[in-house]
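Engineer: Quick check, what structure comes out for this input:
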Amino acid sequence: AIYNGIKVFTAGGRDADQTVTARIEAEIAKLTPADVRSVDYDEALEKGLITEANPMNEYLDSILAAVDVDAIKKAALRIGFDPMYGVSWSSLSMLLTTCRCDLEVIHDRHDTLFGGKLPAPNVDTLKPLAALVLDKHCDLGIATDGDADRLGVIDNEGQFVSPNKLLVLLYYYLVKYRGWHGPCVRNNSTSHLLDRVAEGLGEKCYEVPVGFKWVSAKMTETDAVIGGESSGGMAVRGHISGKDGIYAAALLVEMLAVTGKSVSELFAEIARQYGDPQWAEADFRMTHDHKAALQERLFVRGETPDFGKAVARICRDDGCKATGREERLQHQTGHEAEHDGDARSHAVDGALREHKEIVGTGSGRKQQARAEECEPDGEGHDEGLLCVVQCCCVLADRAEMHGTKKPAAGYGKRLGPARASEILCPWDNRSPPN
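Structural biologist: Coordinates of the predicted model:
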């Protein structure tokens with residue numbers, strides 16, 4: 001593999017912080033190939049070098065104790081479930097059937113190749129689940145990625161619910177309906193709608209760099225109710241300190257049972273109070289030479305794309321982040337990012353005007369850009385979103401568009417192969433205030 005490594009968790013399920021990873025890296029640096037030894041797994045078990053444990057019962061009991069089982073039982077919900085050939089089938093099935101949910105399951109067999117597709121719950125990979133929800137008249141569709149730390153959702157109308165909305169929905173439910181108090185945490189590639197909801201509920205939302213270790217650390221520091229990222233990973237206070245798609249799914253089912261509302265109805269309740277941001281995103285590829293050229297322009301020459309609107313401030317603490325009026329618009333690139341479960345680098349964010357944000361993540365040649373407009377301004381706002389995304393496809397070889405609404409005429413869903421000069425705005429060589 002081009003990109004490979006290990007993932008380390010500390011006590012409580014929290015992602016290892018920089019102190020821990022630095023110590024591990026220091027020990028690795030001392031090793032030579034001659035120091036690396038191997039042992040047969042069965043032999044290591046016999047010698048006590050490896051200890052096996054199965055905490056499934058304790059894990060399931062802890063979740064059942066944390067959710068309102070009686071309310072879920074009374075609701076008699078029908079749930080569509082897609083474990084994506086991954087590890088969540090047994091645990092989440094047991095949880096939901098214990099709560100007397102009627103389950104409709106697909107892709108439940110064990111398959112190390114995940115059916116030949118990426119086991120990531122997104123708008124494209126969950127089309128079979130959407131069809132199942134509509135065909136079986138389910139109240140909700142739930143999917144988890146391969147290792148079940150991220151959640152994907154289809155609402156009762158067969159529509160994909162973005163992770164940005166999921167984080168907002170669960171925080172709103174826990175504070176408004178459960179009566180919890182406390183802040184929330186998001187990384188800087190996650191919707192600012194969460195900030196609005198927190199402020200409206202008399203709480204605070206903290207922004208951290210991309211990487212769930214930062215989310216976990218800030219949650220511990222502030223005793224936050226919930227923390228999450230735009231790729232679908234989230235953690236909730238009182239459970240493990242790391243991402244858990246199974247617990248998040250159980251809370252989502254409880255939310256429907258307790259409120260008596262569908263996901264779409266509950267989000268409409270939120271949107272009436274705090275708005276309904278629209279977004280677009282682009283996946284594109286970038287060569288290593290192009291990436292180096294981008295870094296040169298952003299970090300050495302101090303340039304940013306010209307978005308046609310004034311930039312109030314630029315911060316390069318976590319990549320390069322340009323903020324527009326009222327700190328609603330942001331542009332960022334070059335930080336360590338996390339997307340689809342892999343360590344990524346060289347993110348791109350951008351902004352065109354007030355209440356619009358764009359974020360991108362990627363590793364190697366694969367990059368991503370997202371745009372968010374918190375105050376849609378009528379029929380033309382889709383075109384504005386796509387223009388912002390294009391500004392962030394800097395030096396890109398290829399771009400592909402997705403969005404919550406149909407893209408504006410002339411763009412289409414897919415931009416297709418394109419040279420950077422054909423899709424980008426000019427660069428702004430002026431230096432905004434820090």
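Engineer: can you count the residues close to Asp42?
Structural biologist: Other residues within reach of Asp42, judged by other C-beta atoms under 10 Å, total 9. From N, CA and C alone the C-beta is placed, and that goes for glycine too.
Engineer: Please disregard the earlier target; I meant Leu266.
Structural biologist: The number of residues packed around Leu266, counting by other C-beta under 10 Å, is 22.
Engineer: Could you pull up the residues touching it?
Structural biologist: If a contact means C-beta atoms under 8 Å, 6 or more residues apart in numbering, then Leu266 has 169, 172-173, 255, 259 as its contacts.
Engineer: Neighbour count added to the residues you listed, as JSON lines?
Structural biologist: What follows is the contacts of Leu266, written out as JSON lines (neighbours: other C-beta atoms under 10 Å):
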{"residue": "Leu169", "neighbour count": "21"}
{"residue": "Tyr172", "neighbour count": "25"}
{"residue": "Tyr173", "neighbour count": "22"}
{"residue": "Met255", "neighbour count": "24"}
{"residue": "Thr259", "neighbour count": "17"}
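Engineer: Among these, which ones are in strands?
Structural biologist: If you go by DSSP state E, these have nothing in strands.
Engineer: Export those to a markdown table and append columns for distance to Thr144 and pLDDT.
Structural biologist: Conversion of those to a markdown table gives the following (distance: C-beta to C-beta, whole Å; pLDDT from 0 to 100):
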| residue | distance to Thr144 | pLDDT |
| --- | --- | --- |
| Leu169 | 17 | 97 |
| Tyr172 | 22 | 98 |
| Tyr173 | 19 | 98 |
| Met255 | 17 | 98 |
| Thr259 | 23 | 97 |
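Engineer: Give me the helix or strand of the protein that scores worst on average pLDDT.
Structural biologist: Lowest mean confidence among the helices and strands of the chain (mean pLDDT, DSSP states H and E): strand 342-345, at a mean of 26.
Engineer: quick one: low-confidence ranges for the protein?
Structural biologist: Residue ranges of the chain with pLDDT under 70: 1-4, 279-286, 305-313, 315, 317-434.
Engineer: Kindly spell out which helices and strands sit in contact with the longest helix belonging to it.
Structural biologist: For the chain, the longest helix by residue count, based on DSSP state H, is helix 245-259. The criterion is 3 or more C-beta pairs under 8 Å, 6 or more residues apart in numbering; DSSP states H and E, and the helices and strands that helix 245-259 contacts are helix 56-66, helix 69-75, helix 88-98, strand 140-144, strand 151-154, helix 163-172, strand 234-236, helix 263-274.
Engineer: Tell me what angle it forms with strand 140-144.
Structural biologist: Between the direction of helix 245-259 and that of strand 140-144, the angle (axes from the mean of the first three to the mean of the last three C-alpha atoms, to 10 degrees) works out to 170 degrees.
Engineer: List the buried residues of stretch 58-71.
Structural biologist: By neighbour count, and taking 16 or more other C-beta atoms under 10 Å as the criterion, the buried residues in stretch 58-71 are 59-60, 63, 67-69, 71.
Engineer: Quick check: the farthest pair among the residues you listed?
Structural biologist: The largest separation in the buried residues of stretch 58-71, counting by C-beta to C-beta, is between Tyr59 and Ala71 at 21.3 Å.
Engineer: Among the helices and strands packed on helix 245-259, which comes closest to Ala11?
Structural biologist: Nearest to Ala11 among the helices and strands packed on helix 245-259 is strand 234-236; the distance by C-beta to C-beta comes to 14.5 Å.
Engineer: Partner strands of the closest one and their direction?
Structural biologist: Strand 234-236 sits in its sheet next to strand 226-228 (antiparallel), going by DSSP bridges.
Engineer: Quick one: residues in contact with the partner strand.
Structural biologist: Here strand 226-228 makes contact (C-beta under 8 Å, 6+ apart) with 163, 166-167, 170-171, 174, 184-187, 190, 215-216, 218-219, 234-237.
Engineer: how long is stretch 147-165 from one end to the other?
Structural biologist: With C-alpha to C-alpha, to the nearest Å as the measure, the first residue of stretch 147-165 is 22 Å from its last.
Engineer: meant to ask about stretch 254-270, not that
Structural biologist: Stretch 254-270 stretches 18 Å from its first residue to its last (C-alpha to C-alpha).
Engineer: in that stretch, what's buried?
Structural biologist: By neighbour count on 16+ other C-beta under 10 Å, the buried set for stretch 254-270 is 254-259, 263, 266-267, 270.
Engineer: which one of these is nearest Leu118?
Structural biologist: Among the buried residues of stretch 254-270, Val263 lies closest to Leu118 (C-beta to C-beta), at 24.1 Å.
Engineer: so the closest one makes contact with Asn156?
Structural biologist: Yes - the pair Val263 and Asn156 qualifies as a contact (C-beta atoms under 8 Å) at a distance of 6.8 Å.
Engineer: what is in contact with the two at once?
Structural biologist: Taking C-beta under 8 Å, 6+ apart as the contact rule, the neighbours common to Val263 and Asn156 are Leu140.
Engineer: what's next to the helix or strand containing Thr19, contact-wise?
Structural biologist: When elements are defined using DSSP states H and E, Thr19 is found to belong to helix 18-30. Here helix 18-30 makes contact (C-beta under 8 Å, 6+ apart) with 8, 10, 16, 213.
Engineer: next one: stretch 61-76
Structural biologist: 95, 98-102, 238-239, 246-247, 250-251, 253-254, 256-258, 260.
Engineer: Any chance of a ChimeraX selection covering the buried ones in the residues you listed?
Structural biologist: For the buried members of the contacts of stretch 61-76, the matching ChimeraX selection, counting by 16+ other C-beta under 10 Å, is:
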select :95,99,101,239,246,247,250,251,253,254,256,257,258
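Engineer: Nice, that's everything, thank you.
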